[in-house]
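> need the 3D shape of this:
(chains A and B, ligands or ions: 2)
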Protein chains: 2
Amino acid sequence: MTRSWWGWGNVEDAVKGAELKALLERARMLMPGEPTDHEPPDIASLGLPAPRVTAPASLAGLCSADPADRAAHAHGKAFRDVVRNLQGDLRHVPDLVARPRDERDVVDLLDWCTREGIAVIPFGGGSSVVGGVEPRFDGRPGTVTVDLERLDQVMEIDRTSRAARIQAGVFGPRLEEQLHPHGLTLRHFPQSFEFSTLGGWLATRAGGHYATLYTHIDDLVESMRVVTPNGVSASRRLPGSGAGPSPDRLFLGSEGTLGVITEAWMRVQERPRWRAGASVRFGDYAAAVAATRAIAQSGLNPANCRLLDAAEALLNAGADVGGGLLVLAFESADHPVHARLERALELCRDHGGEPSGVTSGEAPGHAGGEPDGAPGDGSAAENWRSSFLRMPYQRDAMARHAVIAETFETACTWDRFDALHRAVTEAARQAMYEVTGTGVVTCRFTHVYPDGPAPYFGVYAPGRWGSMVSQWDHIKAAVSEAIETHGGTITHHHAVGRDHRPWYDRQRPGPFAAALTATKTALDPAGILNPGVLLPAP
Amino acid sequence: MTRSWWGWGNVEDAVKGAELKALLERARMLMPGEPTDHEPPDIASLGLPAPRVTAPASLAGLCSADPADRAAHAHGKAFRDVVRNLQGDLRHVPDLVARPRDERDVVDLLDWCTREGIAVIPFGGGSSVVGGVEPRFDGRPGTVTVDLERLDQVMEIDRTSRAARIQAGVFGPRLEEQLHPHGLTLRHFPQSFEFSTLGGWLATRAGGHYATLYTHIDDLVESMRVVTPNGVSASRRLPGSGAGPSPDRLFLGSEGTLGVITEAWMRVQERPRWRAGASVRFGDYAAAVAATRAIAQSGLNPANCRLLDAAEALLNAGADVGGGLLVLAFESADHPVHARLERALELCRDHGGEPSGVTSGEAPGHAGGEPDGAPGDGSAAENWRSSFLRMPYQRDAMARHAVIAETFETACTWDRFDALHRAVTEAARQAMYEVTGTGVVTCRFTHVYPDGPAPYFGVYAPGRWGSMVSQWDHIKAAVSEAIETHGGTITHHHAVGRDHRPWYDRQRPGPFAAALTATKTALDPAGILNPGVLLPAP
Ligand SMILES: Cc1cc2nc3c(=O)[nH]c(=O)nc-3n(C[C@H](O)[C@H](O)[C@H](O)COP(=O)(O)OP(=O)(O)OC[C@H]3O[C@@H](n4cnc5c(N)ncnc54)[C@H](O)[C@@H]3O)c2cc1C
Ligand SMILES: Cc1cc2nc3c(=O)[nH]c(=O)nc-3n(C[C@H](O)[C@H](O)[C@H](O)COP(=O)(O)OP(=O)(O)OC[C@H]3O[C@@H](n4cnc5c(N)ncnc54)[C@H](O)[C@@H]3O)c2cc1C
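Numbering: from 1, shown residues only, chains lettered A, B, ... in the order given. Ligands and ions are numbered 1, 2, ... in the order given. Predicted coordinates:
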């Protein structure tokens, strides 16, 4: 397998053949005519500038100045990153890509860069969708991207406490592979699972696949090691503590601006054994939302509780519903869960929902982490599942054919959801109309809490090759304004990075901004770590 | 009812009559002979120094210089506080007690004190057991204790999102009373519930009565308002967010050193309707611990899962068990919970446990918040329950009769529990032997997590009147060393305050200390807020 330098995942898994044909067929709903395929440029043709810095002899062995390496580390994996790559627009590339072998190497790299004032970008899978790994700043003698891929080991397993010490650079599949022989799983499955890392999840407060309870990676952390320019921060392994403000919570969400996470003790779980699931159709969206809220507030804690609106259900699950489709699943390693499903379905029926595809039973071989919908069961849930895994590849194929296909997400309290949903949808439609003349917006809930949902929106519109980045930026600004105005968070799990800064700055309490700035100065006095993320570049 | 200035709760509820007789009977196991009752001194006899500061005219109406007021705000409610009060040892008292009527008053008070360099101690119920409200520092022109008792309103209820905006100075009972007509509850019941406040819980990351899932107040917070000398920090109401490090988590556990919490949006719940409970006896403590761990890791999430060791079961639940007594309860507002209890009991039986007193059913009138064991059911659980509520009063009675009676708590991962338990018990016994010649140490779990328990220890020893504070301090130092050395946290929920500082300083990661110091300087440049708590007094 070869990793794509410009787009998602492996080159071999790109959309082609029948899948491509079907995709373009659907795209024709938006843009009539035969779409043109825009191939990615040759790296040699990009004319990358020569690296501005040279590593000292002791670190040179860790550092690569290979153009393909530098190009592959220049952007994250958002739609606007993929489009810029396709257009050969690599204005900012790191000068070097360093691959430390251990924590000592990380310390040495930070020491060197602090001395020279060289910017450092911590890099996990590079799946950031917010400009988090892009050296988009000036006034630095150089930039070194620190790629942690060599730190990919599960170092220790504490079976008794159900915890594992795991290096930060490990990708999802390799992590689960190492836990598997022990019957354990981290059970954290973001959509980007295959091509993102533990360190990236921690640094961005990633949201996993599960809809309730342990949604963010935050709650799975027992302790962390973080290399800051001002020393290594090592917290104690604790199941819970009340000793002052939580040290881990400072680094969770710090997005590479305060230090490099090298490893963490993570809470792991037994692999689920019992499972029950169903899809529920609703004729009316408001009723579907009310049912979902009732389940979120019931304490039943489903593993999945994903409400797709009619457009999302049609586009991504092939289901034609008037109001919405609720995909429900329960899981447990300890006890049967059908009674919980039954009760959830009762709550759905109370709101006019019609369940179908009910499954329940033991699935000892079940890997966990597979989104719901057993392969081959032909259900709407299964359709949704396969499209979930293919989505990023399909997005890239659409980008190549000048279709704007991107997502954005938020969370808000239930009382504000209706207004937010209306305003965001309206803002997206209006903005798409302005820049493309048409477009579709869809919504699903990725996570639900007793006090509110995390809505996730998809936007599909016919782009104009050469202007797609500015077209998307126009849409994104409009929806971000609507989110901010209607009490949502600028991000529930995609992080702030560079792209969300204008709205994050408004959302963040002033005194907290002052605290974060002071913390930044204390831990990173030379301001080398990821300038421009979370805080203005110094 | 009259609040006691020197001890716990209301004067009218003090231990007397038959309860006192029985208590002293038990105390005789430790100290033979007729114990002397040491009455609290008269406040007039304390000879408090005159206040060193006078409030400006605009604030004078909020401030009291009454000696009784100042004496009642000089200490928290730990055993060492009560003993010092009984001995008339009030070395440090605030100069004034200010009672703001609203947030504006808090801002004005902080402005005045910042200008003059006067120390400010935020004060809720004053139930701190770690010296958190004691003006134990020098080098300040004066100290003003800011008592928030007037901020006692539930301001708004959002039924749809199940959230309520609540002022920080409200005491537990008054808070629940205001939620009650709406069928809602905060469901946060520390043992100090009656005489502690929402703001205090938030500032100390208090642990409630429930054993799993939402143990600390932290998880119940939707947003907070905090008045810092550098402006008001107001976070957005959100069910979940991933936008940078959490602002609320910085103030949770800040113990009055970064700002005064004036109000918070809290997640509330429907009052529980279904309940099931039982007590389980174990002949062997290790087996009891293993059963408790199995339940903690099962995902059954009991509301109570309190393992009492043999000494604790005997002393506080009147139950004679060889290994331990596990008090289990499940609750739900939405669905019956007997199946979960059944499964938990199965896990207990797998480890040799013998269940008894199984109850299960609907309890629509159930207040929630009542510790388990229905009044009058005569069970070991009920005995435990009534002693839970009477414990602080009994502790005061014992203090008056020169019995050392105090608790300390921690949390650790399961793999370290056996060694920690042994070491802490041994250290406590050894230290008691050194200073009193004898003593009893008990242990129970207040909370259990998948990766570890929160053990809570009780210590009972015959004190020597006049030396009891130093006797206790000797014991406390010994057990704190053992906790620290064996990987526990110096506090799971009692907070750091001034008394836990030496061990907290060792536990806290160095770079995090630097971050906290920088934050303190940014938010409280004059260093007026609670000097000596969490960080060294400047
Ligand atoms: C198709 C697709 C699907 C996605 N689905 C999800 C999803 O379901 N849930 C979700 O939460 N996100 C999702 N994302 C966003 C992204 O995958 C997450 O933000 C993820 O956590 C990033 O991990 P990474 O290892 O790729 O980090 P990177 O992209 O390499 O880095 C992200 C940020 O973290 C910092 N960082 C990385 N590693 C470290 C470290 N070890 N120490 C300190 N800082 C570090 C970087 O500097 C950067 O600021 C998706 C993205 C794509 C493209
Ligand atoms: C008998 C007894 C039982 C207890 N049981 C428990 C228990 O079960 N669980 C538990 O967690 N704790 C328990 N405690 C400890 C104590 O009750 C908690 O720490 C509680 O949270 C303190 O609340 P309070 O309102 O009394 O705060 P206070 O004692 O008044 O203050 C505690 C700390 O918080 C700060 N503070 C108070 N209010 C504010 C505010 N509005 N803004 C900023 N800072 C503020 C103070 O400056 C101080 O540092 C117990 C104590 C006793 C004496």
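> tell me which residue in the stretch 1-150 of chain A sits closest to ligand 1.
At 2.4 Å from ligand 1, residue A:124 is the closest residue in the stretch 1-150 of chain A, using C-beta to the nearest ligand atom. Quick note: C-beta positions are derived from backbone N, CA and C, even for glycine.
> hang on, isn't that residue packed against residue A:202?
No - counting by C-beta atoms under 8 Å, residue A:124 stays clear of residue A:202, with 9.1 Å between them.
> gap between residue A:469 and residue A:143?
22 Å (C-beta to C-beta, to the nearest Å).
> quick one, what contacts the nearest residue to residue A:230 once chain neighbours are set aside?
Leaving aside its chain neighbours, residue A:230 sits nearest to residue A:523 (4.9 Å; criterion: C-beta to C-beta, 6 or more residues apart in numbering or on different chains). Residues in contact with residue A:523 (C-beta atoms under 8 Å, 6 or more residues apart in numbering or on different chains) are A:228-230, A:258-259, B:511, B:514-515.
> which among those residues count as buried?
For the contacts of residue A:523, a burial check counting by 16 or more other C-beta atoms under 10 Å in any protein chain shown picks out A:228-230, A:258-259, B:511, B:514-515.
> quick check: the farthest pair among those?
Spanning the widest gap among these are A:229 and B:515, at 12.5 Å by C-beta to C-beta.
> what about the residue of the stretch 151-300 of chain A at minimum distance from chain B, distance to residue A:220?
The minimum distance from the stretch 151-300 of chain A to chain B, using C-beta to the nearest C-beta, falls at residue A:239 (3.3 Å). Using C-beta to C-beta, residue A:239 is found at 12 Å from residue A:220.
> run a quick neighbour tally on the nearest residue to residue A:391 once chain neighbours are set aside.
Once flanking residues are discounted, residue A:391 sits nearest to residue A:191: 7.0 Å by C-beta to C-beta, 6+ apart. Number of residues near residue A:191 (other C-beta atoms under 10 Å in any protein chain shown) recorded here: 19.
> residue A:191 reaches residue A:393, doesn't it?
No - checked against C-beta under 8 Å, the pair residue A:191 and residue A:393 is beyond contact range at 11.6 Å.
> so residue A:358 sits in a strand?
Yes - judged by DSSP: H, G, I helix; E, B strand; the rest coil, residue A:358 forms part of a strand.
> quick one, what contacts it?
The contact partners of residue A:358, by C-beta under 8 Å, 6+ apart, come to A:276-278, A:341, A:345.
> and residue A:239 and residue A:220? Which one has more around it.
Each of residue A:239 and residue A:220 has its neighbours counted (other C-beta under 10 Å); residue A:239 has more, 26 against 22.
> contacts only, for that one.
Contact partners of residue A:239, counting by C-beta under 8 Å, 6+ apart, are A:161, A:222, B:411-413, B:449-454.
> quickly note the distance from it to residue B:240.
Where residue B:240 is concerned, residue A:239 sits at a distance of 22 Å (C-beta to C-beta).
> just residue A:316 next, same as before
Separation of residue A:316 from residue B:240 (C-beta to C-beta) stands at 23 Å.
> next structured bit after the biggest helix by length in chain A?
The residue-count maximum for a helix in chain A (DSSP state H) belongs to helix A:414-436. As assigned by DSSP states H and E, the chain's next helix or strand after helix A:414-436 is strand A:440-449.
> wait, does that following strand make contact with ligand 1?
No - using C-beta under 6 Å from any ligand atom, strand A:440-449 never reaches ligand 1; the gap is at least 7.0 Å.
> now the following helix or strand past that strand against strand A:440-449, angle please.
For strand A:440-449, the following helix or strand on the C-terminal side (DSSP H and E) is strand A:452-462. Here strand A:452-462 points in a direction 160 degrees away from that of strand A:440-449 (axes from the mean of the first three to the mean of the last three C-alpha atoms, to 10 degrees).
> so strand A:452-462 versus helix A:414-436, what angle?
10 degrees.
> is strand A:452-462 up against ligand 1 anywhere?
No - judged by C-beta under 6 Å from any ligand atom, strand A:452-462 and ligand 1 are separated, with a smallest distance of 8.8 Å.
> so which helix or strand takes in the nearest residue to residue A:20 once chain neighbours are set aside?
Spatial nearest neighbour of residue A:20, chain neighbours left out: residue A:397 (6.0 Å); criterion: C-beta to C-beta, 6+ apart. Using DSSP H and E, residue A:397 maps to helix A:380-400.
> what's the following helix or strand after that helix?
For helix A:380-400, the succeeding helix or strand toward the C-terminus, using DSSP H and E, is strand A:403-409.
> can you list the residues that contact that next one?
Defining contact as C-beta under 8 Å, 6+ apart, one finds that strand A:403-409 is touched by A:27, A:30-31, A:35, A:78-80, A:394-395, A:398-399, A:432, A:436, A:439, A:446, A:454-463, A:468, A:471-472, A:475-476, A:479-480, A:483, A:491-494.
> low pLDDT regions in the stretch 351-500 of chain A?
Regions of the stretch 351-500 of chain A meeting the criterion pLDDT under 70 cover residues A:364-385.
> and it, which of its residues are near chain B?
Proximity of the stretch 351-500 of chain A to chain B, by C-beta under 8 Å from any C-beta of the partner chain, involves residues A:411-415, A:447, A:449-454, A:487-496, A:500.
> what segments of the stretch 51-200 of chain A are helices?
Under the criterion DSSP state H, counting those that start in this stretch, the stretch 51-200 of chain A contains helices at A:57-60, A:67-72, A:79-86, A:103-116, A:172-179, A:198-204.
> redo the ones you listed as a markdown table? Include distance to chain B, mean neighbour count and mean pLDDT.
Putting the helices of the stretch 51-200 of chain A into a markdown table (distance: least, C-beta to the nearest C-beta, whole Å; neighbours: other C-beta atoms under 10 Å in any protein chain shown; pLDDT from 0 to 100) gives the following:
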| stretch | distance to chain B | mean neighbour count | mean pLDDT |
| --- | --- | --- | --- |
| helix A:57-60 | 22 | 12 | 98 |
| helix A:67-72 | 25 | 20 | 97 |
| helix A:79-86 | 19 | 24 | 98 |
| helix A:103-116 | 12 | 19 | 98 |
| helix A:172-179 | 15 | 18 | 97 |
| helix A:198-204 | 7 | 30 | 98 |
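> can you lay out those as a markdown table showing distance to residue B:356?
Shown next, in a markdown table, are the helices of the stretch 51-200 of chain A (distance: least, C-beta to C-beta, whole Å):
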| stretch | distance to residue B:356 |
| --- | --- |
| helix A:57-60 | 66 |
| helix A:67-72 | 65 |
| helix A:79-86 | 62 |
| helix A:103-116 | 53 |
| helix A:172-179 | 39 |
| helix A:198-204 | 45 |
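> which among these is found nearest to ligand 2?
helix A:198-204 (27.5 Å).
> ok, the residue of the stretch 51-200 of chain A found nearest ligand 2 - contacts?
Per C-beta to the nearest ligand atom, residue A:161 is where the stretch 51-200 of chain A lies closest to ligand 2, at 23.0 Å. Neighbouring residues of residue A:161 by C-beta under 8 Å, 6+ apart: A:239, B:413-415, B:450-452.
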